[in-house]
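In: Provide a 3D model corresponding to the input given below.
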Amino acid sequence: MSIDKPISSSPPSFSANDLNTCIEVLEKFNSKAAYPLLESNEYNNLRPLIRDLFLAEKRLKKKKLKNERHQTKLIDRKTKNSCLLRSGREKKLEQLQLQNILVPDGTVQIQSTKPEIESGNSSLLNVSQRLLHPKPCYICKLKYRTLHYFYDSLCPACAQLNFEKRLQTTDLSNHIALVTGGRVKIGYRIVLKLLRANCFVIATSRFPIDLLNRLNNELDFNEWKNRINIYGVDFRYSQLIEQFTQMLIDKYDRLDFLINNACQTIQRPKEFYQHLIYNERLINYSILPNDHQQILDGNLQFYKRLLPSFNRFLYQSSSSLSLALPSSIEDSNEISKIPSIDNKTLFDVNQQPIDFRSTNSWMLRLADLSTTEINEVLTINTLAPFILNSKLKVLMADKHPDPESKKFIINVSAMEGSFARKSKTDRHPHTNAAKAALNMMTRTSASDYKNSNIYMVSVDTGWINDEKPIKLAFQFMSQRDFQTPLDEEDAAARVLDPIINTYRQLADGKTDIDIPYGCFLKDYHPFSRSESPNISEASDSTNYLATVSIERYNTRSSPSAHRSRTVDDNHHNYRTKNYNTLIGQEDFHRNDSITPLSRSVDQQFSFRPSRIQRAIQWNEENIPKNEDITNYDDDNQTIENSKPSSSSSSSHFYQSNYPVHRSATFNERQHHSHRSMNNDTNNQHDDRRQTRKYIEIPIPRRPYAPLSINDIHVNDLIKFTRPGCKISKGIVKYIGSLPGKPDQYLGLELEN
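Out: Sure, this is the predicted structure:
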């Protein structure tokens, strides 16, 4: 029966004897001696049947494999749903009772307190589970299987760091912070974290009443309601921003933290804000509670200053009074060209109307953008921070009662503003340009502001929202079981980390604090323009042994990188077999080498200690303790003969000064070595080639994660050797840091 022929609806009927006879006949052909018989014309009708049976077996195996993969995905999905971030979002989604419409979103609050988590008494610590199929970490890109009890998209090491940062706080009493765009999402979480850190907060929003209502719903509102002022400011008007800054200078005597969070990513139609405009006008100021009037009093005084005729509307009926700036919202949205949303009654977890449009600003290309939207985005995202940073320097430096105190300007940015980013789409160029301009302002002006003890940085908030239209976002979520790896609370923690981390160290009595400035912070550490982390500028960075750039992580994670690693598979298998023979006859699995961090946080970076101990024992028994090592500088000149000194981490590993070649790649060095071997007149190069037996190995690291030499297994070292690096038959002799590169490479010397 051909594979292309339709299959009969009724199964074939034959007896057990017929089946046994068929099997006996086919078994006679299942030998090498019988294969030539099949080529005769006598079996012309049999060969197609055998082929069809073979293809049927392949289909069966393929179907079985597909079912197994599907079951694995279902099990992993159930396992990931046990993480608090995903389960909390799912519960919010169920409460809305909107199937096939919404995607899981929003922040998730933790019921356990920080002391309970730190002491290990929290029930959260027992939730960790293990995936069947490894997945790459959102931050470091290394694959992992063990899930953190809160995050499902972060490996244990990165998850532990982010969870600690999420809960960190400090005492910011007697400090004033200005937070723009504080009504929803990231801005709202920033406002709450500052208020709960005893900071006085000035928050701006186009809808101050809505922000006040959200704050009033917090359980601890009465604890900090006297430390919050709300102003209704529309940042689409540059003249209004300048008048707002002048009012702040006249009213307040200091400003310690300026957080430029206000941002427009997607332009919404006028109907999107109708319920907010209605609520703002519905409120009569005269009937508000006294504490609410106190919070909004500065906003009313600001309006009086702008509009002298505003006084006569102050205590009139609610229909004629709006606490938002008069006509600012209506005028700007009248000129919006994007079609209106279809349904104005459904709201998401952030109490924002659901946008049912088939496309939005996030999906538009340059030629599709209107001039109005480009102007609004650049004004809100770029021009407003420029004005605030320039005008309010007086309040942060000259007028400040303590000029020597640490002040901060945090420009909330994103990776989309990075010019060096490789995976750049052709969508939303206006927001990309706005963030890039914000980053360049940070890079240019930070050194000047540093002279006034003002530390200016740009901060990436991480991936917390899927900005695609709701239909595409739902399809993406359903097909890939996708949720954003972080939430708004994580984003707020990243924004405030420079402030909180600095003031925590000051509270501990530290004076020599390395405060980042003039850089782009991603995942809590500086991110250079070449997309490699500048660890030297991060605080407490000198304790970490090795670093590898995110670009290298991405390279290793890409399919092309996997193809390049399999070019020399035979050589890789030989090296693997060689080292397994030396250290022990355990099986070496590629997945295990790619996922060295699939374990508990307490055991992070412990690469197979049993094998390490065997290697240490071999070194102790076979390596002379007083052997001289010939060293060379970058010009291949002999420096001196030095004896290996004991490493601080283990008495069996020796640190030695290996030569460092900064300009030549491994392929170039190999070519030079082979050329010098064939050159009979240059015996000196040949001798040096025999003496210089080492490789440079970039070691995987995670931000702020300590790494010890003893924690690195040789198979993991092999895994991260550069393509083209040939390791001859030999044994591990010394492991130590290379001179000039103590934080980047390990030297591994081999003995022929």
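In: what mean pLDDT would you report for stretch 433-449?
Out: Summarised as a single mean, pLDDT over stretch 433-449 is 96.
In: got the buried residues for it?
Out: The neighbour-count check on stretch 433-449 (16 or more other CB atoms under 10 Å) flags 433-439, 441-442, 445-446, 449 as buried. Heads up, the C-betas are built off the backbone N, CA and C, glycines and all.
In: again, but for stretch 171-186
Out: Residues 172, 175-186 are the ones in stretch 171-186 that count as buried (16+ other CB under 10 Å).
In: narrow the residues you listed to those in strands?
Out: Per DSSP state E, strands hold the following members of the buried residues of stretch 171-186: 176-179.
In: how far away is the closest residue to residue 463 other than its chain neighbours from residue 511?
Out: In space, not counting the residues next to it along the chain, residue 463 is nearest to residue 484; the distance is 5.1 Å by CB to CB, 6 or more residues apart in numbering. Plainly put, residue 484 is 39 Å away from residue 511 if you go by CB to CB, to the nearest Å.
In: equivalent analysis for residue 424, please.
Out: 42 Å.
In: hang on, the earlier thing: between the buried residues of stretch 433-449, which is closest to residue 71?
Out: Among the buried residues of stretch 433-449, residue 435 lies closest to residue 71 (CB to CB), at 42.1 Å.
In: quick one, phi/psi of the closest one?
Out: In terms of degrees, to the nearest 10, the main-chain angles of residue 435 are phi -70, psi -40.
In: pretty sure it is touching residue 413, no?
Out: Yes: with contact defined as CB atoms under 8 Å, residue 435 reaches residue 413; the gap is 5.0 Å.
In: and residue 145, how many neighbours does it have?
Out: Look at residue 145: counted by other CB atoms under 10 Å, it has 21 neighbours.
In: now residue 81
Out: 14.
In: what do you get for residue 137?
Out: As a burial measure, residue 137 scores 24 neighbours (other CB under 10 Å).
In: what's the distance between it and residue 495?
Out: 22 Å.
In: go on, residue 375?
Out: As judged by CB to CB, residue 375 and residue 495 stand 26 Å apart.
In: which element is the residue nearest to residue 463 on?
Out: Using DSSP states H and E, residue 484 sits in no helix or strand.
In: pLDDT score assigned to it?
Out: So residue 484 comes in at 90 (pLDDT).
In: tell me where the model's unsure across the stretch 251-400 of the chain.
Out: By pLDDT under 70, the low-scoring segments of the stretch 251-400 of the chain are 282-284, 308-345.
In: okay, and the beta partners of residue 526?
Out: Counting by DSSP bridges, residue 526 is bridged to residue 521.
In: which residues does stretch 375-392 contact?
Out: For stretch 375-392, the external contacting residues (CB atoms under 8 Å, 6 or more residues apart in numbering) are 178, 180, 235-238, 241-242, 245-246, 248-249, 255, 258, 260, 262-265, 267, 332, 409, 411, 430-431, 433-435, 437-438, 441, 445, 456.
In: neighbour count: residue 484 and residue 511, which is higher?
Out: Set side by side, residue 484 and residue 511 show more neighbours around residue 484, with 19 against 6, by other CB under 10 Å.
In: can you list the low-confidence ranges for the stretch 101-250 of the chain?
Out: Using pLDDT under 70, the stretch 101-250 of the chain drops low at 101-106, 109, 111-128.
In: typed the wrong thing, it's the stretch 501-650 of the chain
Out: Ranges of the stretch 501-650 of the chain meeting pLDDT under 70: 528-650.
In: one step back: redo the buried residues of stretch 171-186 as TSV? Include distance to residue 475.
Out: Output for the buried residues of stretch 171-186, formatted as TSV (distance: CB to CB, whole Å):
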residue	distance to residue 475
172	43
175	46
176	45
177	40
178	40
179	35
180	34
181	30
182	33
183	29
184	25
185	23
186	26
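In: nearest to residue 505, out of those: which one, please.
Out: Nearest to residue 505 among these: residue 172, at 13.6 Å, using CB to CB.
In: what's the first-to-last distance across stretch 26-42?
Out: Using CA to CA, to the nearest Å, the end-to-end distance of stretch 26-42 comes out at 15 Å.
In: that one - what's its average pLDDT?
Out: pLDDT averaged over stretch 26-42 gives 78.
In: list of residues touching that stretch?
Out: Here stretch 26-42 has contacts from 43, 46-47, 50, using CB under 8 Å, 6+ apart.
In: what's the answer for stretch 189-199, then?
Out: If you take CB under 8 Å, 6+ apart as the criterion, stretch 189-199 is touched by 107, 169-173, 175-177, 179, 182, 201, 203, 215, 218, 220, 224, 227-228, 257, 259, 261, 488-489, 491-493, 495-496, 500.
In: ok, back up a step: which among the contacts of stretch 26-42 end up buried?
Out: Buried by 16+ other CB under 10 Å: nothing, out of the contacts of stretch 26-42.
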